[in-house]
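1. Take a look and give me a structure for this.
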Amino acid sequence: MAVRKILLYPADKAALRAPSAPVERFDRAVKQLIKDLIDTLAAHPAGIGLAAPQINVQRRVVIVCLGAQPQSEIPSQPPIVLINPQILEAASYQKDFDGCLSFPGLFGMTVRPHFLRVCGLNESGQPFTRTFEGFDAVVVHHELDHLDGVLFIDRIENPEDLYRIDLDEQGHPVRVPLSQFSDAPV
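-> From the prediction side, this is the model:
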């Protein structure tokens with residue numbers, strides 16, 4: 001198992017902000033990158049997607065687990081690989097849950113498409129065009145943003161939409177706006 005360190009913001013800000021280069025050929029290094037992404041995501045059960053820049057590889061490769069629901073314990077499907085993905089169509093923009101393994105414990109409400117048509121290459125280097133809807137579109141869009149150095153905090157429209165989950169006096173989870181924390185990463 002080749003688990004790689006996930007880069008954290010703000011310590012690894014420069015690497016997370018760098019645009020990624022396309023994959024030009026499918027060689028052993030690309031296959032290893034895909035394996036590293038899958039192993040790293042598996043080691044972080046709260047994650048449902050991971051982009052190569054998050055493990056400090058500036059290549060246009062992401063993996064996403066479809067079928068997940070925001071903040072749910074229901075397992076998602078095994079990850080699929082998107083190489084050199086391009087958005088062909090984005091529609092039905094809505095505010096929805098967002099979070100990122102590069103921002104542990106930080107969540108937000110961002111506006112993202114709930115309909116996304118994407119083309120690219122799969123893990124075998126074969127071309128595909130696929131439509132993603134609902135929260136699957138949100139997850140794919142989030143991961144594709146990483147390839148261009150865009151982070152979910154960039155899509156926050158109102159600072160009060162950033163929050164952490166804490167426990168109240170009765171031990172129930174509650175949203176605590178990030179403005180109430182002194183170590184805010186933005």
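2. those helices in the chain, which residues are they?
-> Under the criterion DSSP state H, helices of the chain are mapped to 13-17, 28-42, 135-146.
3. Mean neighbour count, these: which tops it?
-> Highest mean neighbour count of these: helix 135-146, a mean of 23 (counted as mean count of other C-beta atoms under 10 Å). In short, each C-beta sits where N, CA and C put it, glycine included.
4. ok, the closest residue to Arg17 other than its chain neighbours - contacts?
-> Leaving out its chain neighbours, the residue that sits closest to Arg17 by C-beta to C-beta, 6 or more residues apart in numbering is Gly149, at 4.2 Å. With contact taken as C-beta atoms under 8 Å, 6 or more residues apart in numbering, Gly149 is in contact with Leu16, Arg17, Ala18, Pro19, Pro53.
5. With Met109 as the reference, measure out to the second one.
-> Counting by C-beta to C-beta, to the nearest Å, the gap between Arg17 and Met109 amounts to 22 Å.
6. How about the last one?
-> Distance of Pro53 to Met109, computed by C-beta to C-beta: 23 Å.
7. what does the third one give?
-> With the distance defined as C-beta to C-beta, Ala18 ends up 26 Å from Met109.
8. Let's see the pLDDT reported for Ser76.
-> We have a pLDDT of 78 for Ser76.
9. strands paired with the least confident helix or strand in the chain by mean pLDDT, and their directions?
-> Lowest on mean pLDDT, DSSP states H and E among the helices and strands of the chain sits strand 173-177, with a mean of 88. In the sheet, strand 173-177 lines up against strand 162-167 (antiparallel) (DSSP bridges).
10. Could you list the buried residues of the partner strand?
-> Leu162, Tyr163, Arg164 (16 or more other C-beta atoms under 10 Å).
11. now stretch 54-73
-> In stretch 54-73, residues buried by neighbour count (16+ other C-beta under 10 Å) are Gln54, Ile55, Val57, Arg59, Arg60, Val61, Val62, Ile63, Val64, Cys65, Leu66, Ala68.
12. and what of stretch 2-22?
-> Arg4, Ile6, Leu7, Leu8, Tyr9, Asp12, Ala15, Leu16, Ser20.
13. all strands for this structure, in order.
-> With strands called from DSSP state E, the chain shows them at 49-51, 61-65, 79-99, 107-121, 127-133, 162-167, 173-177.
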